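A.B. asks: here's a sequence, model it:
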Amino acid sequence: MGVVTVTRLAELVAGGGVAVLSGAGLSTESGIPDYRGPTGRARRAEPMTYQRFVGSAQARQRYWARSHVGWRQIGQARPNAGHRAVAELERRGLLAGIVTQNVDGLHQAAGARRVIELHGGLDRVVCLSCRERTPRAELERRLRAANPAWEEAAGARINPDGDAVLTDAQVAGFQVVDCAACGGMLKPDVVFFGENVPRPRVDECFALVAGARLLLVLGSSLTVRSGLRFVTKAASLGIPIAIVNQGETGGDADASLTLDAPLGPTLTELTARLPVPAP
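C.D. replies: Numbers count the residues shown, from 1 in each chain. Take a look at the predicted model:
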């Protein structure tokens, strides 16, 4: 990382009022691969769409079998230096809030409090009939009980959205469970491809960005509208944009500062260059 660039980033952040937009690249150092960065380029897995999930029992069986294996890695992941640095920036009163495209809950696990999960969280499950939300840990206990003899795939490749790459033979025989309250269809409390982010949540994110003094993008390639729209909004309002990511992003042209560097070491260096507030 360039010292001058990190110094300039520290000058921008030191003024406070920073809205953070984080993506999958922030979680790679926790062992969760991203979609388009260095850890994601070799993957060719097709993500589940909402339409296929609700329209096909076979698709749901495939999803839950893969997710049951993948959750073991996602659920055990721990915050890395980048997450801890963001939480420290919040603790020092420099952040207006955090919008994360990630579904792993690692910002909160690191101690951050003002977090908007744009795409939801894998640690919760929602019933599509009665809308009851329950902890993912409860579902995992029920899935293990329903599949006592099912052979999991050791070493299966895990995707950023928390599922594993399994063969049809490995999926066959996996038993899906329904809502314990009403028998309805269960879905992870995340936004699938083909599904819209709830409008109130989007509006909350736009309001956070619009009220910020700086938009700081961390680990997002900004190649899809889901995240890029907030960069576009900030640019239209004349709000400075700083981007830290490994590789080019779709928002580079609007950024006041871009830094192509690993997130953990860069954000650790950033916090070291900022004054610690008096107790």
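A.B. asks: run through the stretch 151-279 of the chain and note the low-pLDDT ranges.
C.D. replies: By pLDDT under 70, the low-scoring segments of the stretch 151-279 of the chain are 151-163, 278-279.
A.B. asks: where along it do the helices fall?
C.D. replies: 168-171, 199-210, 225-236, 263-272 (DSSP state H, counting those that start in this stretch).
A.B. asks: quick one: residues in contact with the last one.
C.D. replies: For helix 263-272, the surrounding residues in contact (CB atoms under 8 Å, 6 or more residues apart in numbering) are 1, 6, 9-10, 13, 25-26, 28-29, 80-82, 85-86, 88-89, 218-219, 244-246, 259. For the C-beta atoms, the positions are set from N, CA and C on the backbone; glycine is no exception.
A.B. asks: can you point out the buried residues in that helix?
C.D. replies: Buried residues in helix 263-272, counted by 16 or more other CB atoms under 10 Å: 263-264, 266-271.
A.B. asks: biggest separation within those residues, which pair?
C.D. replies: Pairwise distances across those (CB to CB) peak at 12.4 Å, for the pair L263 and T271.
A.B. asks: re the thing from before, ok, which of the helices of the stretch 151-279 of the chain comes nearest G75?
C.D. replies: With CB to CB as the criterion, G75 lies closest to helix 168-171 of these, at 19.8 Å.
A.B. asks: got the buried residues of helix 263-272 as JSON lines, with distance to A109 columns?
C.D. replies: What follows is the buried residues of helix 263-272, written out as JSON lines (distance: CB to CB, whole Å):
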{"residue": "L263", "distance to A109": "16"}
{"residue": "G264", "distance to A109": "15"}
{"residue": "T266", "distance to A109": "20"}
{"residue": "L267", "distance to A109": "16"}
{"residue": "T268", "distance to A109": "17"}
{"residue": "E269", "distance to A109": "22"}
{"residue": "L270", "distance to A109": "20"}
{"residue": "T271", "distance to A109": "18"}
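A.B. asks: excluding chain neighbours, what is closest to L128?
C.D. replies: M185 (4.7 Å; CB to CB, 6 or more residues apart in numbering).
A.B. asks: from V231, how far off is the one you found?
C.D. replies: Counting by CB to CB, to the nearest Å, the gap from M185 to V231 is 35 Å.
A.B. asks: okay, these two: which has more neighbours?
C.D. replies: V231 (25 against 16; other CB atoms under 10 Å).
A.B. asks: contacts only, for that one.
C.D. replies: Residues in contact with V231 (CB under 8 Å, 6+ apart) are 21, 215, 217, 222, 241, 250-251, 254-255.
A.B. asks: with adjacent residues omitted, what lies nearest to it?
C.D. replies: Sequence neighbours aside, G251 is the residue nearest to V231 in space, at 3.9 Å (criterion: CB to CB, 6+ apart).
A.B. asks: and that neighbour, how many neighbours?
C.D. replies: By other CB under 10 Å, neighbour count at G251 equals 25.
A.B. asks: my guess is it contacts N245. True?
C.D. replies: No - with contact defined as CB atoms under 8 Å, G251 does not reach N245; the gap is 9.1 Å.
A.B. asks: list residues touching both of these two?
C.D. replies: V217.
A.B. asks: in the stretch 1-150 of the chain, where is pLDDT below threshold?
C.D. replies: Within the stretch 1-150 of the chain, the stretches with pLDDT under 70 are 1-4, 35-46.
A.B. asks: that'll do, ta.
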